[in-house]
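Trainee: Sequence plus predicted model, see below.
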Amino acid sequence: MAFYSGSRINTNVGALNAFNALSNINSKIGVIQMRLASGKRINSAADDPAGYTLSTKLKARSRALGQALNNVGEAKNILSVAEGGLQNMHSIYVTIKEKAIQAGNGSYGEEELDAIVTQIQDLLNETDDIIAQTKFNKTKLLDANFTGKIFQVGADGGDQLSVSLSKAIDSSDFGLNNISSTDLSSTNLSTTIASIDAAIKTLSEQLQYIGSLVQRLDVKEATLQVAITNTDAAASRIMDADIAKEQLEMTKLQILQQTATVQLTQANAQPQGVLQLFR
């Protein structure tokens, strides 16, 4: 800052110094006002180039993690639909086994066995309908077409999960589609029950696979939620303004603005004192 004796009037150095100080204060007030209005400490790259670069990277990662979280939720929805279909089929096959054991009642005649066969065949047809109707976004889930589906479950390239749903058993599996009263006779009933048990076991294994996968996705979902929170917190610490601190700074600058204005006024009037030398 330049100093002068006060006896030179062609250039009012004091006024210029006061004006520069006032301009600097006004500039700082403008920055603080922007921070208070936006809630951000960094409103442009010029405010903090390194901080701006890091915070934008963190924000980009947070958004990527958010989309990965949506993908995990979508995968869980798909598995829930498939699980519902398999649970219904499992329940049907348990009922079929119950009917097959019922057929082992020695008091039943041919008419009773035929009625049981009809009921079993209707139940098997229903399992075929479940396979055909269990869909997500028009895609069948239980006919072996939903295999090798890749879900991006993280923010990085290798964070992927492959989902493959096996073909659910239908009426043609295990030789049950052509079941007749002969298959329910005392000589063949054990073989028929063994086939039904094999079908139930297969469905149980498929449900176990889905359950394990959903559990894994639950862990990924919780991990992603924590990662998003921590990433946002890190970005906030860099990017967001401390409102209390900024308001204190604003109060200080407003006081300095008033004193600088007064000093500018006094500096403008100071050269008039030289006139006293001419009296």
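Mentor: Structure received. Numbering: from 1, shown residues only.

Trainee: tell me the pLDDT at residue 279?
Mentor: pLDDT recorded at residue 279 is 64.

Trainee: my bad, residue 70
Mentor: So, for residue 70, pLDDT stands at 96.

Trainee: Could you report the neighbour count for it?
Mentor: When counting by other C-beta atoms under 10 Å, one arrives at 12 neighbours for residue 70. Every C-beta, even on glycine, is put in place using the N, C-alpha and C of the backbone.

Trainee: how about it, what does it touch?
Mentor: Under the criterion of C-beta atoms under 8 Å, 6 or more residues apart in numbering, residue 70 has no neighbours.

Trainee: Any idea how far apart the tips of stretch 43-52 sit?
Mentor: 8 Å (C-alpha to C-alpha, to the nearest Å).

Trainee: who are the neighbours in contact with residue 136?
Mentor: Counted by C-beta under 8 Å, 6+ apart, residue 136 has contacts 77, 78, 81, 82.

Trainee: Narrow the residues you listed to those in helices?
Mentor: Among those, the members found in helices (DSSP state H) are 77, 78, 81, 82.

Trainee: Sort out which one of the contacts of residue 136 lies nearest residue 62 for me.
Mentor: Using C-beta to C-beta, residue 77 comes nearest to residue 62 of the contacts of residue 136, at 23.0 Å.

Trainee: Quick check: residue 73 vs residue 139, distance?
Mentor: 17 Å (C-beta to C-beta, to the nearest Å).

Trainee: now swap in residue 231 and tell me
Mentor: Taken as C-beta to C-beta, the span from residue 231 to residue 139 is 33 Å.

Trainee: Neighbour count for these two, which is higher?
Mentor: Between residue 231 and residue 139, counting by other C-beta under 10 Å, residue 231 is the more crowded of the two (21 against 12).

Trainee: May I ask which helix or strand encompasses the more buried one?
Mentor: helix 189-239 (DSSP states H and E).

Trainee: can you give me the mean pLDDT across that helix?
Mentor: 93.

Trainee: Show me which residues of stretch 222-239 are buried.
Mentor: Under the neighbour-count criterion of 16 or more other C-beta atoms under 10 Å, stretch 222-239 has 224, 227, 228, 231, 232, 235, 238, 239 buried.

Trainee: which helices and strands sit right next to the helix or strand where residue 267 lies?
Mentor: Residue 267 is part of helix 243-269 when elements are defined by DSSP H and E. With contacts defined as 3 or more C-beta pairs under 8 Å, 6 or more residues apart in numbering; DSSP states H and E, helix 243-269 has these neighbours: helix 13-38.

Trainee: tell me which residues in the helix it packs on are buried?
Mentor: Here helix 13-38 shows 14-15, 17-19, 21-22, 25, 28-29, 31-32, 34-35 as buried, counting by 16+ other C-beta under 10 Å.

Trainee: which of those residues lies closest to residue 178?
Mentor: Distances from residue 178 to the buried residues of helix 13-38, taken by C-beta to C-beta, are shortest for residue 35, at 78.7 Å.

Trainee: That closest one and residue 48 touch, don't they?
Mentor: No: when contacts are counted by C-beta atoms under 8 Å, residue 35 is not listed as touching residue 48 (11.7 Å).

Trainee: which residues of this structure score low on pLDDT?
Mentor: For the chain, the stretches with pLDDT under 70 are 1-8, 174, 274-275, 277-279.
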